[in-house]
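In: When you get a sec, could you give me coordinates for this:
(6 chains)
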There are 4 protein chains.
Amino acid sequence: MNAAAACFVERGFHGAGMAAIAKKAEMSPGHIYHYFSTKNDIIAAIVERESAAKVAFFKAFCDVEPENILQVLLDKVDEGVEKCADPFESILSREILAETQRNREIAQIVHRHHEDSLKVFVDILTSKLGVEDVESKVNCMKAMFSGIMIQVLVNPKLDRVALTAEVKRLIKFMLSGEKSTI
Amino acid sequence: MNAAAACFVERGFHGAGMAAIAKKAEMSPGHIYHYFSTKNDIIAAIVERESAAKVAFFKAFCDVEPENILQVLLDKVDEGVEKCADPFESILSREILAETQRNREIAQIVHRHHEDSLKVFVDILTSKLGVEDVESKVNCMKAMFSGIMIQVLVNPKLDRVALTAEVKRLIKFMLSGEKSTI
Amino acid sequence: MNAAAACFVERGFHGAGMAAIAKKAEMSPGHIYHYFSTKNDIIAAIVERESAAKVAFFKAFCDVEPENILQVLLDKVDEGVEKCADPFESILSREILAETQRNREIAQIVHRHHEDSLKVFVDILTSKLGVEDVESKVNCMKAMFSGIMIQVLVNPKLDRVALTAEVKRLIKFMLSGEKSTI
Amino acid sequence: MNAAAACFVERGFHGAGMAAIAKKAEMSPGHIYHYFSTKNDIIAAIVERESAAKVAFFKAFCDVEPENILQVLLDKVDEGVEKCADPFESILSREILAETQRNREIAQIVHRHHEDSLKVFVDILTSKLGVEDVESKVNCMKAMFSGIMIQVLVNPKLDRVALTAEVKRLIKFMLSGEKSTI
DNA sequence: TATGAATGAGACTTCATTCAT
DNA sequence: AATGAATGAAGTCTCATTCAT
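Out: Modelled structure (predicted):
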């Protein structure tokens, strides 16, 4: 699976052939079919793994004390932006995105995990911060990060440091429950 | 080109064969090659057109009076979110994204237009609103909208109305130059 | 026809498309079909012309006085070798050769002219030099020259001057009716 | 490769499709690409093999005693002329010739082997016969034989027996070091 | 458990030729 | 006489998957 992921990052889900994956895995093409019955199964397994990792990222906030949650959250922004810019991770994420659009099985996996992570995060923020209208705020944050992952691709000159600062400011604003004065 | 775009939306750049495009365009496969010398050229032409349309969207703000700009901007948020959710438009955009990752020629087109639109929008906001640190704010907004385009895909249950409201609140906050109190 | 010949030299009978020929001839592809009903007809016309030119080369010897024939012949060797090395002429000749192998209609044209030129040349030598076994000598000379045309292709370093001298020596030997002493 | 060679002789390098080759080889078209990565590679392999065989023909003279070399050479003339007339062999040779004109990769292979064979033969004749100006004589002989290969094509009525006799006479003359008296 | 040769449908692209204008 | 848009069959090559060993 790691071999496959590496190939997929390098050439894309469809650009990478079973032969290349087999070679990277030091296996014969035929033998891969003992572990996965279809190329699509490999993709699904990788999508499952990646998606689960993202849900786990949110679950990590469960154990944080309510009074620290905002700070921990802001501290994690740097990590989040960094991940969006990490070549391996971000390429794979975007590849999954593309597949989500064309492949019903993959779409289901992605939807399920996104639903999970949304629920987890909404619960955390509701119970620990007590802000109103949490769901749309969480969706906003998710949009921000998936959007950053895209901006990194479409704008190679993106100033990540400045962007990180602005993102933090926005998150602070959202979660503080402040009303905009304009 | 419209036929090709329709096919690409339906099956993806790589899922749609020249034969299918030819059929939709009511042409023979061979004749397509009088207009485009490569399938990739068709893709490039469509990407060019879509990207230019997005730049035009930003240029529309040039003629707005400074005192109205914030309001006009907020009014356009609804349209922006709607576009992100429009099946045809958003599928095509995401397809372009996927191609940007694997196809150097497409990447160049996309980069060029993103640079343009960034510049145009930064200029507008600088001259008409005079806020600080415009570029990272613009990047933030761009990230928001590209992120929404993705959330629409990964979260079919997304509440667009609530999200739109929150986005407006954030934009107001960003452009008002207010400092977060926390 | 000149346009076609130029294209054929540049890209080969099959590498050159009707579109390219039309362009070089400053004509529309369709209009070529007013003069030739098939691409093969163009090729045939060119082959006819080239072959006729070669026969004419031999007919030129008809008017030479018997006592000068050997000297004139030897003088013409330089011209013959030069022609074998001329890019345009030799490329076209070799292209014709290739076509002769695959294309019955072309083969017939080529056969007819070769028969002509053989007959013409045999007659000349018989009447003016009175050597024995003229036909095989003529065939030998023809082989030499067609062979040189090939050596020029397969051996780019060929020393044409030295080769010309040797060829002259052989022709002198052949036509002098001398017997080899070994 | 034999299947391919057979197809190429029958229809030419470009007339023979991969489908036909696959059929003759009792293979699927796709499987050919396990052995050769391109149609051109198949052609190159065949050209390599044919060219090497020709070099080997010359190397065979290395082991002949100096006093027998002229006789052995003359004996080989019959075999040489026969090869030029052998349908399979000569068609393939002429096909290679045509390809040499249009295909840089093939041209390099052909050039390399011709250089080799020239060198080998020049060395043999220099050391065993001690005649002057060997290179142009060797080139002359090569021209003769490649020319015969062509005459066989352009003149179906060619009298090979008479031609063979004349060729022998010429070779004897060339290698005996005799001076023409005219 | 493991191999890798083999399959064959389907992808993009080319090009001689036609025909309405 | 002239155009050039249009055709569609055929070409080379790719690749997920199978199966005898």
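
In: Tally up the residues packed near the closest residue to A:Ile150 other than its chain neighbours, please.
Out: Closest residue to A:Ile150 apart from its sequence neighbours, by CB to CB, 6 or more residues apart in numbering or on different chains: B:Ser146 at 4.3 Å. Bear in mind the C-beta positions are built from the backbone N, C-alpha and C, glycine included. Using other CB atoms under 10 Å in any protein chain shown, B:Ser146 has 24 other residues around it.

In: I'd like the next helix or strand past the host helix or strand of B:Ser146.
Out: Element membership for B:Ser146, per DSSP states H and E: helix B:134-154. Sequence order places helix B:160-176 as the next helix or strand after helix B:134-154, per DSSP H and E.

In: how about that following helix, does it reach chain A?
Out: Yes. Using CB under 8 Å from any CB of the partner chain, helix B:160-176 reaches chain A at B:162-163, B:165-167, B:169-170, B:172-174, B:176.

In: mind listing what's buried in that helix?
Out: Of the residues in helix B:160-176, those buried under the neighbour-count criterion (16 or more other CB atoms under 10 Å in any protein chain shown) are B:160, B:163-164, B:166-175.

In: Give me the distance between it and the centre of its chain.
Out: Helix B:160-176 sits 19 Å away from the centroid of its parent chain (CA atoms, centre = their mean, to the nearest Å).

In: Packing partners of it?
Out: Contacts defined by 3 or more CB pairs under 8 Å, 6 or more residues apart in numbering or on different chains; DSSP states H and E place helix B:160-176 against helix A:134-154, helix A:160-176, helix B:69-85, helix B:134-154.

In: So what's the residue count around A:Arg11?
Out: 15.

In: returning to what we had before: quick one: which of the helices and strands packed on helix B:160-176 is nearest C:Ser136?
Out: With CB to CB as the criterion, C:Ser136 lies closest to helix A:134-154 of those, at 76.4 Å.

In: contacting residues for A:Ala19?
Out: In this structure, A:Ala19 makes contact with A:Pro29, judged by CB atoms under 8 Å, 6 or more residues apart in numbering or on different chains.

In: how about the residues of chain A near DNA strand F?
Out: A:14-19, A:29-30, A:33, A:37-40 (CB under 7 Å from any atom of the strand).

In: thinking again about what came up before, please produce a markdown table containing the helices and strands packed on helix B:160-176, extended by mean pLDDT.
Out: As requested, the helices and strands packed on helix B:160-176 are exported to a markdown table (pLDDT from 0 to 100):
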| stretch | mean pLDDT |
| --- | --- |
| helix A:134-154 | 96 |
| helix A:160-176 | 93 |
| helix B:69-85 | 93 |
| helix B:134-154 | 96 |
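
In: nearest to C:Asn155, of those?
Out: Among the helices and strands packed on helix B:160-176, helix A:134-154 comes nearest to C:Asn155, with 54.9 Å by CB to CB.

In: if we can go back for a sec, you'd agree the residue nearest to A:Ile150 is up against A:Leu153?
Out: No. Judged on CB atoms under 8 Å, B:Ser146 makes no contact with A:Leu153 at a distance of 9.5 Å.

In: what's the most distant pair in the residues of helix B:160-176 next to chain A?
Out: By the measure CB to CB, B:Ala162 and B:Ser176 form the most distant pair in the residues of helix B:160-176 next to chain A, at 21.4 Å.

In: out of all of them, which helix in chain A is the longest?
Out: What stands out as the longest helix in chain A, according to DSSP state H, is helix A:104-129.

In: Please say whether there is contact between it and chain B.
Out: Yes. Counting by CB under 8 Å from any CB, chain B has neighbours in helix A:104-129: A:110-111, A:114-115, A:118.

In: Contacts only, for the residue nearest to A:Ile150.
Out: B:Ser146 neighbours (CB under 8 Å, 6+ apart): A:146-147, A:150-151, A:154.

In: can you rerun that using 7 Å?
Out: B:Ser146 sits next to A:147, A:150-151 when contact means CB atoms under 7 Å, 6 or more residues apart in numbering or on different chains.

In: May I see these organised as TSV, with neighbour count added?
Out: Listed next are the contacts of B:Ser146 as TSV, based on neighbours: other CB atoms under 10 Å in any protein chain shown:
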residue	neighbour count
A:Gly147	24
A:Ile150	26
A:Gln151	22
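
In: Looking at those, which one is closest to C:Lys23?
Out: A:Ile150 (44.7 Å).

In: next one: phi and psi at A:Asn155?
Out: When quoted as degrees, to the nearest 10, the phi and psi of A:Asn155 stand at phi -130, psi 90.

In: any idea of the pLDDT on it?
Out: With respect to pLDDT, A:Asn155 scores 96.

In: One more: A:Asp133?
Out: 87.

In: For A:Glu10, which non-adjacent residue is spatially closest?
Out: A:Ala16 (6.8 Å).
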